[in-house]
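Asker: Here is a sequence with its predicted model. Questions after.
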Amino acid sequence: MAQRNPDPTAAPVPAEALAGYLRAQATEFLRALRLHRESGAGGATSEASAEAARELRRAARRISASLHTFQPVLDPDWSEAMRPELAWVSGTLALEHACASRLERLLLALHRLSGATALPAAQGPGTTSPKGTARAPATASGRAPDAAGVAARTAVTVSARTSGGVHGTAGRTTPAAGGDPGPDAPAAPGPSGSAAPWTATATVPAPDRGNLTVGAAKAGALLDRQLTLARTRAHSTALQALGSSRFHGIADRVAVLASEVPLTPAASGADLRPLAEAARERLADAVGALPLLTAGSPYNAEALIHGLSPDPAPHPQDAPWHQVRLLLRLHRYAREALGTGDGGDPPVDVRLLTAGEALDRHRDASEAAAAAAHAARTPRIAPATAYALGVLHADQRHEVEAARYAFQRCWQKHVIGTP
């Protein structure tokens, strides 16, 4: 088992290491904020503004987590006031991306369950995401068609294809994740293998809908309408938040943090290792309360329990796993803060990253299943549409089960491999 106490032979980590870590994260926050403003974020989100928003969320999460884990060495009034504000920033900026990725996930699942060709694999300028889903090729402007545009093309009636390409034009664009070619990238061959480059008018070929049932097509259209509306509202909310006096106050306090960290008088002789160890112990206790024995059995169907419950609240058995995901993130960030004490790069534990990715997939599948269940409760939908949404819900609950199995295997290796 893992050690319950810090290594007594290791050198103490002073509070100044935490101060340097917080200053670095505050600087990243301000840099991302400047990039977001320079990108001209507005109604049509650009790739640069989306990347800046991700960096803002990243820095806000790390600052907030450090204020929680190392609260005894920080000014209590200041840290208690900052933590919920940073959580508000991170949560508000995450909503739009969550809606877009949820829609993409559900549409891919609909095509997979229907036996139809899913979104085209990476060809030419296309890329493949770390999760294995194919991303749309970028246009000459450096942007990729958004998930809502893909959904709109997959939810309408099938149109005939020509031998040289596809009909239709791209809708509004949204940022692609990292790895997509920028506007200065060299032109790639066209989809037919010719030397003609892709242009701004080239669109992603719509998936072959010949195998899609009417119910699946209507289910995709319904999900498209609901999640695109939610995404639009989230985008408006984020723009309002970034322009509010509340956010400006947060940015001013982060700017002060970049130069001065409010440590307590007792922090001068404090050792950060016990505080980081306490975060690890909270994680270990939460993991110990999970049904890992059940999760370690493939195809146990545990995640499908309460699948027909009329309660629209989130799935009750998912809450402990979501809590472990948050505690794992706190543990990772605490290790990062300790790793900056010697001035080097923060340590990277591949096992913790793998466990975190499994819990991220668990969260994504859980929320996607909830979105499918919510769509199925829409009044006066056709029985075939409701059936397709029910199959989609069950599929995502199976994905929840698979993520739990992956986490269980990763965590067992993590515990066994601990000296």
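Answerer: Everything's here; your move. Numbering: from 1, shown residues only.
Asker: leaving aside the residues next to it on the chain, what's closest to residue 411?
Answerer: Nearest residue to residue 411, sequence neighbours excluded (CB to CB, 6 or more residues apart in numbering): residue 355, at 5.7 Å. Glycine gets a C-beta too; all of them are placed from N, C-alpha and C.
Asker: and the one you found, what helix or strand is that in?
Answerer: For residue 355, the element it lies in under DSSP states H and E is helix 350-376.
Asker: Just list the residues touching residue 96, thanks.
Answerer: 45, 231, 234, 235, 238 (CB atoms under 8 Å, 6 or more residues apart in numbering).
Asker: Of all those residues, the one with the weakest confidence?
Answerer: pLDDT across the contacts of residue 96 is lowest for residue 45, at 55.
Asker: for the stretch 301-419 of the chain, what spans make up the helices?
Answerer: For the stretch 301-419 of the chain, the helices defined by DSSP state H, counting those that start in this stretch occupy 319-339, 350-376, 383-416.
Asker: Figure out which of those helices is closest to residue 51.
Answerer: When the helices of the stretch 301-419 of the chain are compared by CB to CB, helix 350-376 sits nearest residue 51, at 18.7 Å.
Asker: tell me which strands and helices that closest one is in contact with?
Answerer: Packing contacts for helix 350-376, counted by 3 or more CB pairs under 8 Å, 6 or more residues apart in numbering; DSSP states H and E, involve helix 76-114, helix 214-242, helix 319-339, helix 383-416.
Asker: Would you mind giving the helices of the stretch 301-419 of the chain as CSV with mean neighbour count and distance to residue 101 added?
Answerer: Output for these, formatted as CSV (neighbours: other CB atoms under 10 Å; distance: least, CB to CB, whole Å):
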stretch, mean neighbour count, distance to residue 101
helix 319-339, 20, 16
helix 350-376, 20, 7
helix 383-416, 20, 13
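Asker: Distance to residue 70 and mean pLDDT added to these, as JSON lines?
Answerer: Formatted as JSON lines, the helices of the stretch 301-419 of the chain follow (distance: least, CB to CB, whole Å; pLDDT from 0 to 100):
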{"stretch": "helix 319-339", "distance to residue 70": "7", "mean pLDDT": "94"}
{"stretch": "helix 350-376", "distance to residue 70": "19", "mean pLDDT": "95"}
{"stretch": "helix 383-416", "distance to residue 70": "23", "mean pLDDT": "90"}
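Asker: Out of these, flag the one nearest residue 294.
Answerer: Among the helices of the stretch 301-419 of the chain, if distance is taken as CB to CB, the winner is helix 383-416, at 8.4 Å.
Asker: how many degrees apart are that closest one and helix 319-339 in direction?
Answerer: 40 degrees (axes from the mean of the first three to the mean of the last three CA atoms, to 10 degrees).
Asker: quick check, nearest of the contacts of residue 96 to residue 390?
Answerer: Nearest to residue 390 among the contacts of residue 96, with distances taken as CB to CB, is residue 231, at 23.9 Å.
Asker: does that closest one really touch residue 100, like I thought?
Answerer: Yes: between residue 231 and residue 100 there is a contact under CB atoms under 8 Å: 5.7 Å.
Asker: Not counting its neighbours along the chain, what's nearest residue 73?
Answerer: Looking at residue 73 with CB to CB, 6+ apart, the closest residue is residue 267, at 3.9 Å.
Asker: Just want the phi and psi numbers for the one you found.
Answerer: phi -70, psi -20 (degrees, to the nearest 10).
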